[in-house]
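[1] build me a model:
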Amino acid sequence: MDDLKNKPESYWKEKLSPLAYKVTRKKGTEKPFTNEYADSKAEDIFVCTCCGVELFEANTKFDSGTGWPSFYKAHENGNVDYRPDNSLFRKRTEVICKNCDSHLGHVFDDGPQPTGKRYCINSVALDLKSK
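    Below you'll find the predicted structure:
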């Protein structure tokens, strides 16, 4: 498999839309309530827009009222990883794709049961794949 973690910036700029590049490669964010999957009721699997690995199952998605897609747990395949994020003068946990290092969003401890987690993920970092 290609080593996606070491691809040059030019590869990602050519592959991704400007917004997807800003979010996934430069740790940006999209505006709340303007994205594709916040209100999605799809029954599919959400995959990484950069590399296609499975990240979240649709049945773990919930309406958090934040304007971004929210999930209470990541897919059990281990394709999601975590990094400390102390930007914006607060302590957060960044969620990244373990396969390609794409920035996906952040995870918080204010979600519903059974996990108590809220994965707040940028729509532009996701694609839908049929089960």
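[2] next one: the residue nearest to the spatial centre of the chain from E94, what distance?
    The chain has L104 as the residue nearest its centroid, 2.9 Å off, counting by C-alpha atoms, centre = their mean. Distance from L104 to E94, counting by C-beta to C-beta, to the nearest Å: 8 Å. C-beta here means a position set from N, CA and C on the backbone, and glycine is covered the same way.
[3] now S40
    Counting by C-beta to C-beta, the separation of S40 from E94 is 23 Å.
[4] that older thread, for the helix or strand harbouring the residue nearest to the centre of the chain, the distance to its chain's centre please.
    Taking DSSP states H and E as the definition, one finds L104 inside strand 103-108. Here strand 103-108 is found 6 Å from its chain centre; the criterion is C-alpha atoms, centre = their mean, to the nearest Å.
[5] okay, the closest residue to G78 other than its chain neighbours: pLDDT?
    Sequence neighbours aside, K98 is the residue nearest to G78 in space, at 6.7 Å (criterion: C-beta to C-beta, 6 or more residues apart in numbering). pLDDT for K98: 95.
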